[in-house]
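Trainee: here is my input, please return the structure:
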Amino acid sequence: MNKTTEFITYKAPDGKEIRFPVARVKGEKSGPKVFINAGMHGCEYPGIAAAIRFFNELDPAEISGEVTIVTICSVDGFEKRSVFVTPEDGKNPNRFFPGSLTGSYTDALVYYIFNDFIKKADFFLDLHGGDMVEALEPFAIYRAGGNNETERLSLELVEYYGLPNIVMTKAGGAWDDSGTAYANAAMAGVPAAIVEAGGVGQLDKASVDLHLNGLRNVLRHIKCLKGDAVKPANQKYYRDFLWVFSPAAGIFYKDVEIGGSLRKGQKIGQVEDYFGKKLADVTSPCDGNLLFLTTSPAIKDKGLLLGLGVL
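Mentor: Numbers count the residues shown, from 1 in each chain. Have a look, this model is predicted:
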């Protein structure tokens, strides 16, 4: 029964150091092994702050099993304020799971997170939020298909985390989740979820509290933390996750705001060139609820604009 902190270091194929700040709480009784990861994207701050605060509030006497937390997965991304990607190779780490030791820095980073942490856990929670240029409505994602028991437990994770929107993804769905941590965890038989709150580079108390409340409730539900879990009500369920991309590079002028509903064919905004000439209108490809929105007007060709939960 103890609490420990340490930096665990590895080497990337090019010899660069990969370091994870790891916090562990071992309970006095046997129970599940829970792995919590934060800061896979270094500018998603509420999840990072919540992971650190959650570790500090945990009492080993109230824990059954073991809780392992990587408080900032992409330390270099955090320190260099790198949006979406690791600065060493420009890759988005949540697109390259399960990783590889024959690729570049990011491939190795996710390989070690996956093999030394995720695969050794009984449950996995991946804490995210809108990055520096993203606003979002709080939502959680789990993967359907494959092992029925893993799917059932993954759904319970997202439900008991308590965020208002729950998105189901699957192989062959509108959004390709094949390189994500939660999907690879589920395929390996580890119940898993992405949980998202906060955005646009802000460290706001409300979003940190959403993560903290979710962590407490989930761990109580799986009998890792003492106390009674509360089953949330009035959550919205989505059968798919559809992302909308820009048809051209330029300046994006949006006509919508986060949290609204869109109808198929509804205008989302328009892209203009650097002299004010309209290049293209952007319209919604389906009916859905707007779960995240790129807030920066600077957009590249096929740049990500927004994500829709398909009811």
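Trainee: walk me through the domains of this protein.
Mentor: 2-237, 239-310 (automatic domain parsing).
Trainee: please identify the deepest-packed of the ones you listed.
Mentor: Looking across these with neighbours counted as mean count of other CB atoms under 10 Å, the highest average goes to domain 2-237: a mean of 20. Heads up, the C-betas are built off the backbone N, CA and C, glycines and all.
Trainee: returning to what we had before: could the domains of the chain be laid out in a markdown table, adding mean pLDDT?
Mentor: Putting the domains of the chain into a markdown table (pLDDT from 0 to 100) gives the following:
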| stretch | mean pLDDT |
| --- | --- |
| domain 2-237 | 97 |
| domain 239-310 | 96 |
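Trainee: any chance you could map the helices in the stretch 201-311 of the chain?
Mentor: Remark: helices assigned in the stretch 201-311 of the chain by DSSP state H, counting those that start in this stretch are 205-221.
Trainee: show me where the stretch 201-311 of the chain has its strands.
Mentor: Under the criterion DSSP state E, counting those that start in this stretch, strands of the stretch 201-311 of the chain are mapped to 236-238, 240-245, 250-254, 261-262, 267-272, 278-283, 288-294, 298-299, 304-310.
Trainee: indicate which one of the ones you listed is closest to Thr5.
Mentor: Closest to Thr5 of the strands of the stretch 201-311 of the chain, according to CB to CB: strand 288-294, at 32.2 Å.
Trainee: which ones are touching Ala183?
Mentor: When contacts are counted by CB atoms under 8 Å, 6 or more residues apart in numbering, Ala183 touches Phe97, Arg143, Thr169, Asp177, Ala192.
Trainee: what helix or strand does Tyr112 sit in?
Mentor: Tyr112 is part of helix 105-113, with elements assigned from DSSP states H and E.
Trainee: swap that for Ile69, sorry
Mentor: Going by DSSP H and E, Ile69 is in strand 64-70.
Trainee: can you identify the element that follows that strand toward the C-terminus?
Mentor: Downstream of strand 64-70 (by DSSP H and E), the next one is helix 75-79.
Trainee: for Val195, what are its contacts?
Mentor: Per CB under 8 Å, 6+ apart, neighbours of Val195: Gly47, Leu125, Asp126, Leu127, His128, Ala140, Val158, Tyr161, Leu163, His211, Gly214.
Trainee: the second one contacts Asn37, doesn't it?
Mentor: Yes: between Leu125 and Asn37 there is a contact under CB atoms under 8 Å: 7.3 Å.
Trainee: sorry, back to before: could the strands of the stretch 201-311 of the chain go into CSV alongside distance to Ser64?
Mentor: Formatted as CSV, the strands of the stretch 201-311 of the chain follow (distance: least, CB to CB, whole Å):
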stretch, distance to Ser64
strand 236-238, 30
strand 240-245, 34
strand 250-254, 47
strand 261-262, 42
strand 267-272, 48
strand 278-283, 50
strand 288-294, 34
strand 298-299, 48
strand 304-310, 34
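Trainee: Asn2: which of these is closest?
Mentor: strand 288-294 (38.8 Å).
Trainee: ok, and the closest non-adjacent residue to Arg292?
Mentor: Residue 292: Phe, not Arg. In space, and not counting its chain neighbours, Phe292 is closest to Leu136: 3.8 Å by CB to CB, 6 or more residues apart in numbering.
Trainee: picking up where we left off before, of the strands of the stretch 201-311 of the chain, which is nearest Asp89?
Mentor: Minimum separation from Asp89 across the strands of the stretch 201-311 of the chain (CB to CB) falls at strand 304-310, 19.4 Å.
Trainee: following the helix holding Tyr112, which helix or strand comes up?
Mentor: Going down the chain from helix 105-113, the next helix or strand is strand 123-128, by DSSP H and E.
Trainee: for that next one, packing partners?
Mentor: Under the contact criterion of 3 or more CB pairs under 8 Å, 6 or more residues apart in numbering; DSSP states H and E, strand 123-128 touches strand 29-38, helix 45-57, helix 148-161, helix 181-187, strand 192-196, helix 205-221.
Trainee: what's the first one packed up against?
Mentor: For strand 29-38, the packing partners by 3+ CB pairs under 8 Å, 6+ apart come out as helix 45-57, strand 64-70, strand 123-128.
Trainee: strand partners (parallel or antiparallel) of it?
Mentor: strand 64-70 (parallel), strand 123-128 (parallel) (DSSP bridges).
Trainee: any chance of the helices and strands packed on strand 123-128 in a markdown table, with distance to Val271 too?
Mentor: What follows is the helices and strands packed on strand 123-128, written out as a markdown table (distance: least, CB to CB, whole Å):
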| stretch | distance to Val271 |
| --- | --- |
| strand 29-38 | 34 |
| helix 45-57 | 29 |
| helix 148-161 | 34 |
| helix 181-187 | 31 |
| strand 192-196 | 26 |
| helix 205-221 | 30 |
